[in-house]
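Trainee: model this:
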Amino acid sequence: MKKSSMKAYGKFMAKIAVIGIGIYLFCQSAAFWGELLYSKNKIQFCLEQSIDGREAAELLKRDEEFTKESGYEKPEAISGVCIWGEKKQAVLENKNLSRKTEADVILFCGDIELLFEGCRVPATDDIRGCLVDEQTAWELFGDSQITGMEVTCEGIPYMIRKVIPGEKKIAVFPAGSMEGRTSGIQDGLNLGEEEGQGEGNQENQRCLSRITVLKPAAVSMNDLQSLLYSRYGVAAILLDLQLLRGISGFFVLLVPVMVCVFVLQNFYKSYQKQQEWIWKAVMAAAALVLLILALLFIRQWVQIPYDYIPEKWSDFTFWTELWKEKADGMEYLMKIQKSILDLEWMNSFFKSIIWGVLAGTFFVAGIILLKHSEYNLEQYMTNPSDMG
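Mentor: Next up is the predicted model:
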């Protein structure tokens with residue numbers, strides 16, 4: 001084989017590698033999009049006015065009474081609620097080892113599993129229990145297997161119920177109890193104030209500003225927002241993560257769509273080159289099967305929410321209002337003060353878009369380069385000596 005032939009073959013393999021990089025980037029983009037899809041039933045709201053642990057406990061108690069009256073079997077029943085907020089940079093201490101570290105504190109009241117998947121402790125009324133992430137555990141104890149050990153926050157001892165995955169340096173504490181007992185903020189997270197001085201620090205205690213709800217299947221996003229107000233009596237603004245999933249999903253699906261178009265195009269070229277009708281029929285059938293599979297794929301992954309479907313498709317007012325609603329929702333998402341937990345969906349959203357765009361770029365570049373070398377490749381495969 002001549003040196004020029006080896007060089008041409010190397011160029012061809014480099015072009016294949018470009019497509020391979022595109023496929024790898026697509027897998028990365030799809031993985032981050034999957035993280036957004038995984039939490040699609042956990043709907044977040046931001047309270048217009050923050051509340052404290054005692055108020056949160058009263059709201060959940062009111063919800064419990066409502067549930068007993070309505071029953072979970074009704075479509076409008078909400079089966080999971082967590083009211084939470086963030087208190088930045090509290091000092092955690094392991095007194096036995098004389099180690100200290102700072103961590104962002106998450107206060108919650110309700111179903112903790114809505115915030116941390118698979119985590120059912122501590123309970124809302126477990127005012128002495130807490131969670132820490134792996135990074136905090138290593139800095140305080142030099143190990144991640146520390147369930148049951150004691151950590152001190154602002155001078156108050158807590159028992160670690162579980163170590164959660166992550167390196168964000170966070171600690172999680174109950175903010176109150178279902179029975180309306182003294183809130184966790186007053187019990188241990190009041191920055192060292194003595195009992196009875198809570199009134200003077202009321203604004204500092206009112207740091208619960210988010211509600212995460214497990215969305216019932218039969219309730220739309222707008223109806224869920226109205227339902228929250230009717231059940232809890234609090235005004236909450238929807239954080240439209242559903243919109244982010246739709247935007248990122250568009251960029252993720254660019255590569256599969258381009259692959260389908262590219263393959264169909266080649267099927268069409270092969271169809272035109274065939275002289276016998278039987279091979280034309282084979283090409284047509286193969287293209288039809290591919291098209292059906294593509295439509296099934298899109299149907300599986302592209303789901304239009306009820307809120308995006310008008311009663312009449314000719315209702316142009318609906319589309320105008322929907323555009324304004326989504327634009328306002330996107331602007332609110334970008335401007336809202338972010339918590340440490342918001343970094344998860346922000347990271348998944350932006351990386352799915354970035355990797356999706358890069359994947360599409362590499363794939364298109366690879367296809368263009370291959371098309372330019374198509375004649376040379378065919379010549380090399382049939383008669384390598386001619387390449388010299």
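Trainee: low-confidence regions, this structure specifically.
Mentor: Along the chain, segments meeting pLDDT under 70 span 1-5, 63, 65-78, 176-205, 372-388.
Trainee: strands along that one, start to end?
Mentor: Taking DSSP state E as the criterion, the chain carries its strands at 42-51, 81-94, 99-110, 129-133, 150-153, 156-164, 170-174, 208-214, 236-239.
Trainee: can you list the neighbours in contact with the fifth one?
Mentor: By that I understand strand 150-153. In this structure, residues lying in contact with strand 150-153 by Cβ atoms under 8 Å, 6 or more residues apart in numbering are 90-96, 105, 130, 132, 140, 157-160, 171, 173, 188-189. Just so you know, the C-beta spots here come from the backbone N, C-alpha and C atoms, and that holds for glycine as well.
Trainee: let's see that with 10 Å instead.
Mentor: With Cβ atoms under 10 Å, 6 or more residues apart in numbering as the test, strand 150-153 has contacts from 90-96, 99-101, 103, 105, 128, 130, 132, 136-137, 140-141, 157-160, 171, 173, 188-189.
Trainee: can you select the buried ones from those residues in PyMOL?
Mentor: Taking 16 or more other Cβ atoms under 10 Å as the burial criterion, the selection of buried members of the contacts of strand 150-153 in PyMOL is written as:
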select buried, resi 90+92+93+94+101+103+105+128+130+132+136+137+140+141+158+160+171+173+188+189
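Trainee: can you redo the strands of the chain as TSV with distance to Leu333?
Mentor: Formatted as TSV, those follow (distance: least, Cβ to Cβ, whole Å):
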stretch	distance to Leu333
strand 42-51	10
strand 81-94	17
strand 99-110	20
strand 129-133	25
strand 150-153	31
strand 156-164	25
strand 170-174	21
strand 208-214	13
strand 236-239	6
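Trainee: quick one, which of these is nearest to Asn266?
Mentor: Closest of these to Asn266 is strand 42-51, at 42.5 Å (criterion: Cβ to Cβ).
Trainee: roughly how far apart are the closest residue to Val234 other than its chain neighbours and Ile19?
Mentor: Of all residues not flanking Val234 in the chain, Leu47 sits nearest, at 5.9 Å (Cβ to Cβ, 6 or more residues apart in numbering). Distance, Leu47 to Ile19, by Cβ to Cβ, to the nearest Å: 48 Å.
Trainee: what bridges to the residue nearest to Val234?
Mentor: Partner residues in beta bridges with Leu47: Ala236, with DSSP bridges as the criterion.
Trainee: how about it, what does it touch?
Mentor: Under the criterion of Cβ under 10 Å, 6+ apart, the contact partners of Leu47 comprise 56, 83, 85, 206, 208-211, 228, 232, 234-237.
Trainee: any idea how the chain splits into domains?
Mentor: Per the record, the chain has its domains at 11-39+245-387, 81-207, by automatic domain parsing.
Trainee: single out the most deeply packed of the ones you listed.
Mentor: domain 81-207 (a mean of 18; mean count of other Cβ atoms under 10 Å).
Trainee: can you pull up the most central residue in this protein?
Mentor: Closest residue to the average C-alpha location of the chain: Leu36 at 2.8 Å, with Cα atoms, centre = their mean.
Trainee: run through the helices of the protein in chain order.
Mentor: 3-38, 53-70, 134-141, 184-188, 202-205, 221-232, 241-252, 254-273, 277-301, 316-335, 342-372, 374-382 (DSSP state H).
Trainee: distance to Ile112 added to these, as JSON lines?
Mentor: Rendered in JSON lines, the data for the helices of the chain read as follows (distance: least, Cβ to Cβ, whole Å):
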{"stretch": "helix 3-38", "distance to Ile112": "17"}
{"stretch": "helix 53-70", "distance to Ile112": "13"}
{"stretch": "helix 134-141", "distance to Ile112": "17"}
{"stretch": "helix 184-188", "distance to Ile112": "12"}
{"stretch": "helix 202-205", "distance to Ile112": "20"}
{"stretch": "helix 221-232", "distance to Ile112": "19"}
{"stretch": "helix 241-252", "distance to Ile112": "19"}
{"stretch": "helix 254-273", "distance to Ile112": "37"}
{"stretch": "helix 277-301", "distance to Ile112": "30"}
{"stretch": "helix 316-335", "distance to Ile112": "24"}
{"stretch": "helix 342-372", "distance to Ile112": "16"}
{"stretch": "helix 374-382", "distance to Ile112": "58"}
